[in-house]
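Student: A structural model of the following input is requested.
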Amino acid sequence: MNGGVNGVALAVFVFFFVLVTVMGFRAARWRKAENEHSLDEWGLGGRSFGTWITWFLLGGDLYTAYTFVAVPAAVYAAGASGFFAVPYTILVYPLIFTFLPRLWSVSHRHGYVTTSDFVRGRFGSKGLSLAVALTGILATMPYIALQLVGIQSVLDVMGVGGSESTHWFVKDLPLLIAFGVLAAYTYSSGLRAPALIAFVKDGLIYLVIAVAIVYIPLKLGGFHEIFAKAGDALAQKDPATGKPRGELASGPDAQWAYATLAFGSALALFMYPHSITATLSSKNRTVIRRNTTILPLYSLMLGFLALLGFMAIAAGIKVDNGQLAIPQLFENMFPDWFTGVAFAAIGIGALVPAAIMSIAAANLFTRNIYKDFLKPGATPEQETKVSKLVSLLVKVGALVFVLGMDKTVAINFQLLGGIWILQTFPALVGGLFTRWFHRWALLASWAVGMVYGTLAAYGVASPTQEHFGGSNAAIPGIKETGYIGVTAFVLNVLVTVVLTVVLRAVKAPDGVDETRPEDYTADAPAPAPRPAASAGAPGGDAGRPDDDRPEPVPAP
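Tutor: Model (predicted):
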């Protein structure tokens, strides 16, 4: 860090932060609902978002501040292995094209707000629904914490908050203020706040990456020079391990780890509650299908973003915490005013997903713990009130996690979150296509996958940690190293199939399926036709394409 406070960058950062704060509170009046006291409105934006709002919301949801910081930081630290995020975001979109429209349809038809709602309705099992809900909340908490880590990394590089010797309250005051603002407008506006702010967030990120991918290479002598310097630096031996720091291109020994991490991450991404929350806010199936075809534009952005890791190496960036590498690169390379724009992109990139994640976790608690087990007769107003309060508690928990624990612990718990959430795949995606799996088999196999994945990750050591030092371990039977989540998932599926065969053979009681085959292809009703006299009038809507206006949602 250059020392001192970067006043110009800080001023630009504060301007954009104030702008999105105002937008967050104003979002409560945007698309104002007739009945605000329901989870459909507060937690899903009235299920009324069209193609472009959903695109920005999903982009803001999936491509977070931590993505902006962590993907290039992984490349900065280890080289080519950090690029696993690019193929996995390519793999995920054809995958979700097959099942997200089905999930939207059945959820729309029955009023499901969470994935656990669907699992309970499909398999008639509150136990299995509870397992999915608890897994979702558990996996989301460290993910929210890492958004706050992203904000903190920007504040550290700007020199805001003081040094490590400063009193903890003064040092963390800027982060506390950012957290308080986030909590307030999420409580007030629900999902409408991140949906509106996502336009600013994604616009800034695209602008910063477009400038960085051209401007920084020009200052560093071109990509040839960048790759040459990065290759030399990565080839140097790490004193802690005695091995090269990383690779410019992955070698044969890393292929299994790279492939399984990309594949497992692709399977897991849309198991996270926040991904589903953004999806269910769409107004029809067509919106979902369109988004699976245009969301890969973000993968192009992610590829450019990963290259910043090599640029940081070539620029001679030296930081003790790899998460600071890209913010420090921006401060060293850009004029102060544009550094502020870049830092605002990262900071706002944390606020949008953190808001959606807290809403998604709160919805899971309200619908699948509070209503299912604590107060079955809860009214929609009571559900909404509880969900708002829980969204605040979730953020407080994430804040305590960030302030009270080592940041590397938070990062590794997030990796563990990916292993955990992948174990809900058979119940959710399998249930969308078949009722053959037995509910008890799904619950038992979920437990097997969770225990195996957690214990395997616990046994992974790194130069700095004895436990939870990474997410790769030896794959039983093939003597290769791969992503623990995929191994646990394969074990999960095998146990599901074997136990289902046994349980069906002994005629174990099955739960009641409240869904019907036609529910999985149902769409929203077409809007009522406009009067003929106004159909062709100037300013009329005749022939207008999808315009993101809400359509009526039928009662469950």
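
Student: what residues are up against the one residue sitting closest to the centre of the chain?
Tutor: Residue closest to the average C-alpha location in the chain (CA atoms, centre = their mean): L62, at 4.1 Å. Contacts for L62 (CB atoms under 8 Å, 6 or more residues apart in numbering) come out as T89, L269, S275, L295, Y298, P353. To be clear about C-beta, it is placed using only N, CA and C from the backbone, and glycine gets the same treatment.

Student: Please produce TSV containing these, extended by pLDDT, distance to P142 and secondary structure.
Tutor: Converted to TSV, these look like this (pLDDT from 0 to 100; distance: CB to CB, whole Å; DSSP: H, G, I helix; E, B strand; the rest coil):
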residue	pLDDT	distance to P142	secondary structure
T89	86	20	helix
L269	91	16	helix
S275	93	16	helix
L295	86	24	coil
Y298	84	22	helix
P353	89	13	helix
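
Student: quick one: which of those residues is nearest to G136?
Tutor: For those, the closest approach to G136 (CB to CB) belongs to S275, at 10.4 Å.

Student: Would you check that the closest one makes contact with D61?
Tutor: Yes. S275 is within contact range of D61, at 6.4 Å (criterion: CB atoms under 8 Å).

Student: Now for the protein, the helix or strand with the poorest mean pLDDT.
Tutor: Within the chain, no helix or strand scores below helix 532-535, which has a mean of 40 by mean pLDDT, DSSP states H and E.

Student: Flag the shaky bits of this protein, pLDDT-wise.
Tutor: 1-3, 32-36, 161-171, 240, 404-413, 524-556 (pLDDT under 70).

Student: which helix of it spans the most residues?
Tutor: helix 126-158 (DSSP state H).

Student: Distance from the chain centre to it, please.
Tutor: 9 Å (CA atoms, centre = their mean, to the nearest Å).

Student: buried sites along that helix?
Tutor: For helix 126-158, the neighbour count (16 or more other CB atoms under 10 Å) marks 126, 128-158 as buried.

Student: Neighbours of A266, how many?
Tutor: Residues lying near A266 (other CB atoms under 10 Å) number 20.

Student: ugh, typo on my part, it should be G242
Tutor: Neighbours of G242 (other CB under 10 Å): 7.

Student: In three-state terms, label it for me.
Tutor: Secondary structure assignment for G242 (DSSP: H, G, I helix; E, B strand; the rest coil): coil.

Student: Check which helices and strands the helix or strand L218 falls within is in contact with.
Tutor: In this structure, L218 sits in helix 192-220 according to DSSP states H and E. Secondary-structure packing of helix 192-220 (3 or more CB pairs under 8 Å, 6 or more residues apart in numbering; DSSP states H and E): helix 7-26, helix 51-62, helix 168-189, helix 223-235, helix 297-314, helix 325-333, helix 336-365.

Student: Restricting to C-alpha, output stretch 274-281 in PDB.
Tutor: Extracted C-alpha coordinates of stretch 274-281, given in PDB (Å, rounded to 0.1, in the frame of the first residue of the first chain):
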ATOM      1  CA  HIS A 274     -29.400 -16.800  -3.400                       C
ATOM      2  CA  SER A 275     -29.200 -18.100  -6.900                       C
ATOM      3  CA  ILE A 276     -32.600 -19.700  -6.700                       C
ATOM      4  CA  THR A 277     -34.100 -16.500  -5.000                       C
ATOM      5  CA  ALA A 278     -33.000 -14.400  -8.000                       C
ATOM      6  CA  THR A 279     -34.400 -17.000 -10.400                       C
ATOM      7  CA  LEU A 280     -37.800 -17.300  -8.800                       C
ATOM      8  CA  SER A 281     -38.200 -13.500  -9.000                       C
END
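
Student: And the strands in the stretch 451-556 of the chain?
Tutor: Assignment of strands within the stretch 451-556 of the chain using DSSP state E, counting those that start in this stretch yields the ranges 472-475, 480-483.

Student: Can I get these in JSON lines including distance to L393 and mean neighbour count?
Tutor: Converted to JSON lines, those look like this (distance: least, CB to CB, whole Å; neighbours: other CB atoms under 10 Å):
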{"stretch": "strand 472-475", "distance to L393": "33", "mean neighbour count": "18"}
{"stretch": "strand 480-483", "distance to L393": "32", "mean neighbour count": "20"}
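
Student: Tabulate those in CSV, adding columns for distance to T279.
Tutor: Conversion of those to CSV gives the following (distance: least, CB to CB, whole Å):
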stretch, distance to T279
strand 472-475, 29
strand 480-483, 24
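
Student: So which of those strands is nearest G242?
Tutor: Comparing these by CB to CB, strand 480-483 comes nearest, at 17.9 Å.

Student: Which strands or helices does the closest one pack on?
Tutor: helix 255-269, strand 472-475.

Student: contacts for that strand?
Tutor: For strand 480-483, the surrounding residues in contact (CB under 8 Å, 6+ apart) are 256-257, 259-261, 263-265, 471-475.

Student: switch the cut-off to 10 Å
Tutor: Applying CB atoms under 10 Å, 6 or more residues apart in numbering, the set of residues contacting strand 480-483 from outside is 84, 253-265, 268, 415, 418-419, 422, 470-475, 489.

Student: Narrow those residues to those that are buried.
Tutor: By 16+ other CB under 10 Å, those give 84, 254, 256-265, 268, 415, 418-419, 422, 470-473, 475, 489 as buried.

Student: what's near enough to touch the closest residue to G309 other than its chain neighbours?
Tutor: Counting by CB to CB, 6 or more residues apart in numbering, the nearest residue to G309 once its immediate chain neighbours are dropped is V75, at 2.7 Å. Applying CB under 10 Å, 6+ apart to V75 gives the contacts 81-83, 85, 230, 234, 246, 248, 305-313, 322, 325-326.

Student: Please repeat the previous calculation with a cut-off of 6 Å.
Tutor: Contact analysis of V75 by CB atoms under 6 Å, 6 or more residues apart in numbering lists G82, A306, G309.

Student: quick one: it from T64, how far?
Tutor: For V75, the distance to T64 (CB to CB, to the nearest Å) stands at 17 Å.

Student: what do you get for A444?
Tutor: 33 Å.

Student: what does V181 give?
Tutor: For V181 relative to T64 (CB to CB), the value is 18 Å.

Student: Nearest residue to S105 in space, please, no chain neighbours.
Tutor: Excluding the flanking residues, the one nearest S105 by CB to CB, 6+ apart is A522, at 4.6 Å.

Student: Quick check: that neighbour vs N284, distance?
Tutor: 10 Å.

Student: These two: who's more crowded?
Tutor: Taking neighbours as other CB under 10 Å, A522 and N284 compare with N284 leading, 22 against 17.
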